[in-house]
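Trainee: Got a predicted structure here, sequence first:
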Amino acid sequence: MSHHPICRKANIVVRELENEVLLYDLTLHKAYCLNQPAALVYQFCDGTNSVAEISDLMSKRLKILVSEDLVWLALKDLERQNLLENEEAFTPQVAGLSRRTLLKKARLASIGILPIIVSIVAPVAVAAATCIPFSAPCVPGDNCCPNSICEPVRNVCGCQCVTPGDCLTQTVCPSTVNCNSNGVCAP
């Protein structure tokens with residue numbers, strides 16, 4: 001049976017680095033780092049190459065004999081990370097095979113070409129955002145902490161004036177501060 005794996009490309013942002021590839025899944029909000037062998041399998045899984053052809057392409061690129069077992073190992077990892085479009089076609093082929101079994105078959109442990117995929121869950125935007133504390137240096141447009149804006153004159157995060165005479169006086173603004181007629185917080 002000839003398998004032609006297809007890796008997911010929709011809603012995936014790909015950033016190629018020197019010897020690895022970073023992927024970000026916009027749907028699952030997960031980031032993945034693929035080492036060179038795993039990245040090559042991901043690259044060659046376009047639906048036109050069989051597992052044997054991927055093995056041959058990798059052998060040429062890495063200048064070392066790459067067995068089909070290594071490709072199956074990478075496919076199993078890609079499947080586990082939900083990065084295969086047609087994963088149901090490969091499940092029976094690798095079902096019941098542990099990573100250890102595939103490693104023994106491929107005899108890869110000592111030659112350093114194991115496909116490795118590391119994933120992390122990206123924090124939601126609110127959790128990922130950090131704010132610049134009151135009185136800290138900033139430039140206009142920076143993310144100052146709540147009730148604080150970047151004051152372009154002093155380039156520090158300060159009180160946010162709502163209307164002349166008032167100032168947001170929560171924890172970041174001293175209660176003795178009011179807005180002057182220019183809309184700037186002043187004592």
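Mentor: Sure, I can see it. On a predicted model such as this, the values are computed, not experimentally measured, just so you know. Numbers count the residues shown, from 1 in each chain.
Trainee: just for the chain, where's the confidence low?
Mentor: In the predicted model, the chain carries pLDDT under 70 at residues 1-2, 87-114, 122-129, 133-142, 144, 146-187.
Trainee: domains of it?
Mentor: 12-126, 130-187 (automatic domain parsing).
Trainee: Do I have it right that Val71 meets Val41?
Mentor: Yes - between Val71 and Val41 there is a contact at 5.9 Å, judged by C-beta atoms under 8 Å. To be clear about C-beta, it is placed using only N, CA and C from the backbone, and glycine gets the same treatment.
Trainee: what is in contact with these two at once?
Mentor: Ile54, Met58 (C-beta atoms under 8 Å, 6 or more residues apart in numbering).
Trainee: hey, where'd the helices end up in this structure?
Mentor: 36-44, 51-62, 68-80, 91-94, 99-106, 125-128 (DSSP state H).
Trainee: Gly47 - how many residues pack around it?
Mentor: 10 (other C-beta atoms under 10 Å).
Trainee: repeat for Ala74
Mentor: Using other C-beta under 10 Å: Ala74 sits among 30 other residues.
Trainee: before we move on, what about Trp72?
Mentor: 24.
Trainee: Repeat that for the one 4 residues further on.
Mentor: When counting by other C-beta under 10 Å, one arrives at 22 neighbours for Lys76.
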